[in-house]
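In: next one to model:
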Amino acid sequence: MVEKKLLAKTLPVLFGFFVMGFCDIVGISSDYAASAYGWSATMAGLIPSVVFVWFFLLGVPFGLMMNRIGRKNTVLTSMTVTVVGMAIPLLHYDSVTTLAAYALLGIGNVMLQVSLNPLLQNVVTDERLLISSLTAGQVVKAISSFAGPFIVLAAVNWLGGGNEGEWYLCFPLMGGITLVSGLWLLATPIEREHRGQTSIIGETLSLLSDKTILLLFLGIFFAVGTDVSTNFISSKVMISRFAYSKEMAGLAPQVYFICRTAGAFIGVFLMTKIAEINYLRLNILGCLAFALLLAFVEDEIFDFICIGGIGFCCSCVFPIIYGMALKRHPAKGNEISGLMIMAVAGGTVSFLVGLASDYAGLIGGLLVIAAEIAYLTYCAYFVKTV
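Out: Sure thing, here's the model as predicted:
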């Protein structure tokens, strides 16, 4: 009976991770937006920036807001913002409203990422079960990321009658899923957490005066940047080099997300045998090699392998760096978490990838990704682990 009650409370929270994965739709949807509006690669690269810049601006403030209104209310607020944003293109469809929809998707996602993992802790109090539940949440998010191209295709073929110009209908489709998730959570009774001591923004940001925390903060920034940038450019590699259609090119980000999910699962087991810092260094070197090979080797199958290889090797970089930051100041876990969510703004680097692609060709964009990974290599070898 107790297990059934726990499951009834856990499932709606886990379903929220599916909504969290909607940010990853920016990669494939940017191809359709660029085609619809005649955008350059630079302008298309602005789409992930419009989504992820809010993590830098609002990550810490939303964390402090959560202390006041509670975790569940913050999650529900995030879903309300997302639903409103996803409805905008239905009212009027043009480049401005499209960017507004992406912006609200990003703002809602910041709130969701800040509050959803802590909310799961309200439901699952057993530490052993909590770790499994958090892993399950990341799996659900990965499934959502993998489903992104299918959501766009469903919008085009199912809602739009096969007209690529109707791609924007993926927004209300995501809005509908978010609405179901929010109503399910709203109907689920979850005990509110006790309020703790509330920090101020200045106290949180002051942690960056610790050089190790600053190094790890930038590590998260460029880890997310590498993730989003590779997702963003992967389909464009196949379109530019091998004349793939947009539908066929959607296979590239799917390969990326499949390999990223596989890497996360395998990493959980390998890190019980290998020290985290050694596993980080091993993966970063592999990631850098795959990125450089992708930039300079033009072979259809090999490029797919490189895209998947980057996904596999990057899969555990974020949690390892995140964990290292928490271990640095265990007593300031909430503040450290706020900073790390703020660093998710690294997804805005995709704008530089698009800009470099316009001015230096596809290789230029890929070398920007290689430069991000080069910093991660520096971080892996020179960060203090104690």
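
In: what comes up buried for stretch 351-361?
Out: Using 16 or more other C-beta atoms under 10 Å as the test for burial, stretch 351-361 gives 351-357. For the C-beta atoms, the positions are set from N, CA and C on the backbone; glycine is no exception.

In: tell me where the stretch 51-200 of the chain has helices.
Out: Ranges of helices in the stretch 51-200 of the chain, per DSSP state H, counting those that start in this stretch, are 71-91, 95-123, 127-154, 170-186.

In: let me know which of these is the nearest to L270.
Out: Of all the helices of the stretch 51-200 of the chain, it is helix 127-154 that lies closest to L270, at 14.6 Å by C-beta to C-beta.

In: and that closest one, what's its mean pLDDT?
Out: In this model, helix 127-154 has a mean pLDDT of 74.

In: check stretch 84-99 too.
Out: Taken as a whole, stretch 84-99 has an average pLDDT of 88.

In: what does stretch 103-110 give?
Out: Averaged over stretch 103-110, pLDDT sits at 93.

In: which residues are contacting that stretch?
Out: Contacts to stretch 103-110, defined as C-beta atoms under 8 Å, 6 or more residues apart in numbering, come from residues 20, 22-23, 50-55, 58-59, 62, 78-82, 84-86, 88, 174, 178, 341, 344.

In: just give me how far that stretch sits from the chain centre.
Out: How far stretch 103-110 lies from its chain's middle: 11 Å, per C-alpha atoms, centre = their mean, to the nearest Å.

In: can you give me the buried ones in it?
Out: 103-110.

In: could you dump it to PDB, C-alpha only?
Out: The C-alpha trace of stretch 103-110 is given here as PDB (Å, rounded to 0.1, in the frame of the first residue of the first chain):
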ATOM      1  CA  ALA A 103      12.200  32.600 -24.900                       C
ATOM      2  CA  LEU A 104       9.200  31.500 -22.700                       C
ATOM      3  CA  LEU A 105      10.200  27.900 -23.200                       C
ATOM      4  CA  GLY A 106      13.600  28.800 -21.800                       C
ATOM      5  CA  ILE A 107      12.300  30.800 -18.900                       C
ATOM      6  CA  GLY A 108       9.900  28.000 -18.000                       C
ATOM      7  CA  ASN A 109      12.700  25.400 -18.300                       C
ATOM      8  CA  VAL A 110      14.900  27.400 -15.900                       C
END
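
In: tally of neighbours for C259?
Out: Neighbour count for C259, taken as other C-beta atoms under 10 Å: 21.

In: is it true that it touches G311?
Out: Yes: using C-beta atoms under 8 Å, C259 is in contact with G311, at 3.9 Å.

In: quick one on the thing from earlier: would you mind checking the contacts of stretch 103-110 for buried ones?
Out: For the contacts of stretch 103-110, buried by 16+ other C-beta under 10 Å: 20, 22-23, 50-55, 58-59, 62, 78-79, 81-82, 85-86, 88, 174, 178, 341, 344.

In: where do the domain boundaries of the chain fall?
Out: 1-188, 199-386 (automatic domain parsing).

In: which stretch in the ones you listed is the model least sure about?
Out: Of all those, mean pLDDT reaches its minimum on domain 1-188 (a mean of 84).

In: can you pull the buried residues of stretch 245-261?
Out: Using 16+ other C-beta under 10 Å as the test for burial, stretch 245-261 gives 246, 249-261.

In: so which of these sit within helices?
Out: Here DSSP state H is the test, and the buried residues of stretch 245-261 give 246, 249, 251-261 as lying in helices.

In: from the residues you listed, pick the one nearest Y279.
Out: Nearest member of those to Y279, counting by C-beta to C-beta, is R260, at 15.4 Å.

In: from memory the closest one sits against C313, does it?
Out: No: using C-beta under 8 Å, R260 makes no contact with C313, being 9.2 Å away.

In: nearest to F222 among the buried residues of stretch 351-361?
Out: Nearest to F222 out of these is L352 (C-beta to C-beta; 11.6 Å).

In: which strand or helix spans that closest one?
Out: Assessed by DSSP states H and E, L352 sits inside helix 350-382.

In: quick one: that helix to chain centroid distance?
Out: Mean-position distance between helix 350-382 and its chain equals 18 Å (C-alpha atoms, centre = their mean).

In: helices or strands up against it?
Out: Secondary-structure packing of helix 350-382 (3 or more C-beta pairs under 8 Å, 6 or more residues apart in numbering; DSSP states H and E): helix 41-69, helix 211-242, helix 276-296.

In: deepest in the core, which of these is it.
Out: Comparing the helices and strands packed on helix 350-382 by mean neighbour count (mean count of other C-beta atoms under 10 Å), helix 211-242 comes out on top with a mean of 23.

In: gap between that helix and the chain center?
Out: For helix 211-242, the distance to the chain centre is 10 Å (C-alpha atoms, centre = their mean).

In: find the nearest non-adjacent residue to L285, please.
Out: Nearest non-adjacent residue to L285, counting by C-beta to C-beta, 6 or more residues apart in numbering: T377, 6.9 Å away.

In: what's the neighbour count on the one you found?
Out: Applying other C-beta under 10 Å, we find 16 residues neighbouring T377.

In: for it, what are its contacts?
Out: Neighbouring residues of T377 by C-beta under 8 Å, 6+ apart: 284-285, 288.

In: can I get those residues in TSV with distance to D31?
Out: Listed next are those as TSV, based on distance: C-beta to C-beta, whole Å:
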residue	distance to D31
I284	29
L285	31
L288	26
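
In: nearest to L153, of these?
Out: Nearest to L153 among the contacts of T377: L288, at 32.8 Å, using C-beta to C-beta.

In: and the residue nearest to that closest one when sequence neighbours are not counted, how far from L294?
Out: Once flanking residues are discounted, L288 sits nearest to I373: 4.7 Å by C-beta to C-beta, 6+ apart. Using C-beta to C-beta, to the nearest Å, one gets 11 Å for the distance from I373 to L294.

In: same check on L105?
Out: Remark: distance between L105 and L294 (C-beta to C-beta) = 28 Å.

In: again, but for V268
Out: Separation of V268 from L294 (C-beta to C-beta) stands at 26 Å.

In: so F382 sits against L215, correct?
Out: Yes: using C-beta under 8 Å, F382 is in contact with L215, at 7.4 Å.
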